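K.L.:
fold the following, please.
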Amino acid sequence: MTGMVNSVVADWFIGQPCKWNEELLRQFLYEFEVREIIKIPLCSIHEADTLAWAHTKNGIYTVKSGYHFIREQKRLEIGGGEASSNSDIWTKIWRTKLPPKILSFIWRACKGALPCGLNVQKRVSEADPTCQRCLKDNETETHALLGCPFALNLWGKGGMEEMVTEEGVVCSLVAWVERVLRCHRGEEACKCLVLLWASWNYRNAAYHGVLSTEPMLFVEKALSFWVAWKQVQPSEVSSRLVQQERVAWIPPRNGQWKLNVDAAVFGDAGCGLGMVVHDYQGKVERMGVQQVRDKWCPEVAEAMAAEFGLLTAKQMGLDNVVLESDCLTLITMLKSKSFPNNYFGRAGKKVLDLASSFSCICFNFTRRDGNVVAHELAHLVPLDFSTRYWVGSIPERVEPFVVVDSLAIPN
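P.N.:
Sure, this is the predicted structure:
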């Protein structure tokens, strides 16, 4: 690091337009530091440095965001990597298609909020924590719902005894639910959670003196309740208040050129940027794809796609352009000229600066199905991390979507 003691950030750039000098970065920094640095998009606009807070969307610090940041850090220090996984499990639970009554029960069970023997003893020291059904072990949520012989009998009656293995019994209830939602999809995962609810109802009946009740009755009652709930739920199509029709691509006015742009994020591999230029008759004038190894977030990638498209339009000599994207956040930012104090805001400023070089330009938002050609170009495979253009020809994968757009143009 000695050779870079008096260096400035610009010393880490290379090329024109400038990019991060990854080879140099790796000589002096750890790999995990390099990965984070190259995610930062470089801006050609010269302006004073500003402080930005990474934990809000607009880059401005708030007490609330600071509190949540410190709280999350403490959770990570205490529980290792479990903090993020626990937050994921709550999201998975509430997104499961089950009656709210059952989801609320699952959430309370995973939070340790059920009045099982051990929890009662924590509040009333004289209480006996022993399971009052098997009289063998202390009654925890896991024991009451999965481990007790009476609970195992219910799972057997429900035809899912294999779900309650020894591994499932010894692990925590949260881990068991997480495994069910991860390894089993749809109806099977839902049935497991419904039987978990039935198991608790069976336990409560025993505690109220109905121990002789056949567990199959609780299985049937719970499954019937679930089926009845599903029957009154609207279908996925009818659940939309207004069923949206496909948005067709619309050509620009005579004398204008429409520039559609989109971006794709390929995880750690990099990003793909797609652009297509049409004239007022709907004819494709040029298509372009730029694949980069930069690891941008989706919003920054959308801004970089807009920059790529505008640079191409400028090279073509176009001067009256409609820039169209399916990223509402980007279009809103460009129209309002209100830029957040973060990487996305810097990338947006660069786009607006480039747009100002056109004599006439406007920004338009469209839904994904009105931007499908640019979308397919952004996702074009294989990835060769280069810049490619098509003039007078169309990639085979994209051609069907060009045809669909052309058929939607009014005569």
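
K.L.:
from now on I want contacts and neighbour counts done on CA atoms only, so please keep to that.
P.N.:
Noted.

K.L.:
strands along this structure, start to end?
P.N.:
13-14, 19-20, 257-265, 271-278, 284-292, 320-325, 360-365, 387-390 (DSSP state E).

K.L.:
can I get those strands in JSON lines including distance to residue 66?
P.N.:
Formatted as JSON lines, the strands of the chain follow (distance: least, C-alpha to C-alpha, whole Å):
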{"stretch": "strand 13-14", "distance to residue 66": "32"}
{"stretch": "strand 19-20", "distance to residue 66": "30"}
{"stretch": "strand 257-265", "distance to residue 66": "29"}
{"stretch": "strand 271-278", "distance to residue 66": "31"}
{"stretch": "strand 284-292", "distance to residue 66": "33"}
{"stretch": "strand 320-325", "distance to residue 66": "33"}
{"stretch": "strand 360-365", "distance to residue 66": "34"}
{"stretch": "strand 387-390", "distance to residue 66": "41"}
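
K.L.:
nearest to residue 131, of those?
P.N.:
strand 257-265 (52.0 Å; C-alpha to C-alpha).

K.L.:
now that closest one: average pLDDT?
P.N.:
The pLDDT scores in strand 257-265 average 96.

K.L.:
what angle separates that strand from strand 360-365?
P.N.:
50 degrees (axes from the mean of the first three to the mean of the last three C-alpha atoms, to 10 degrees).

K.L.:
is residue 365 bridged to anything, and to what?
P.N.:
residue 325 (DSSP bridges).

K.L.:
tally of neighbours for it?
P.N.:
Neighbours of residue 365 under the rule other C-alpha atoms under 10 Å: 18.

K.L.:
would you agree it is in contact with residue 331?
P.N.:
Yes: the pair residue 365 / residue 331 is scored as a contact, 6.2 Å apart, by C-alpha atoms under 8 Å.

K.L.:
any common contacting residues for the two?
P.N.:
Listed as contacting both residue 365 and residue 331 by C-alpha atoms under 8 Å, 6 or more residues apart in numbering are residue 325.

K.L.:
tell me how far residue 390 lies from residue 136.
P.N.:
Residue 390 sits 74 Å away from residue 136, going by C-alpha to C-alpha, to the nearest Å.

K.L.:
which of these two has more neighbours?
P.N.:
Between residue 390 and residue 136, residue 390 has the larger neighbour count (other C-alpha under 10 Å), namely 14 against 11.

K.L.:
in contact with the residue nearest to the more buried one when sequence neighbours are not counted: list those residues for me.
P.N.:
Distances taken as C-alpha to C-alpha, 6 or more residues apart in numbering put residue 287 closest to residue 390, at 5.1 Å, once the chain neighbours are dropped. By C-alpha under 8 Å, 6+ apart, the contact set of residue 287 is 274, 275, 276, 277, 389, 390, 391, 394.

K.L.:
any chance of the residues you listed in JSON lines, plus pLDDT?
P.N.:
Shown next, in JSON lines, are those (pLDDT from 0 to 100):
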{"residue": "274", "pLDDT": "97"}
{"residue": "275", "pLDDT": "97"}
{"residue": "276", "pLDDT": "97"}
{"residue": "277", "pLDDT": "97"}
{"residue": "389", "pLDDT": "96"}
{"residue": "390", "pLDDT": "96"}
{"residue": "391", "pLDDT": "94"}
{"residue": "394", "pLDDT": "92"}
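
K.L.:
spatially central residue for the chain, please.
P.N.:
In the chain, the centroid-proximal residue (C-alpha atoms, centre = their mean) is residue 298; its distance is 10.2 Å.

K.L.:
OK, contacts around the residue nearest to that one when sequence neighbours are not counted?
P.N.:
Spatially, and ignoring its direct neighbours in sequence, residue 298 is nearest to residue 265 (6.3 Å; C-alpha to C-alpha, 6+ apart). If a contact means C-alpha under 8 Å, 6+ apart, then residue 265 has 271, 272, 295, 296, 297, 298, 301 as its contacts.
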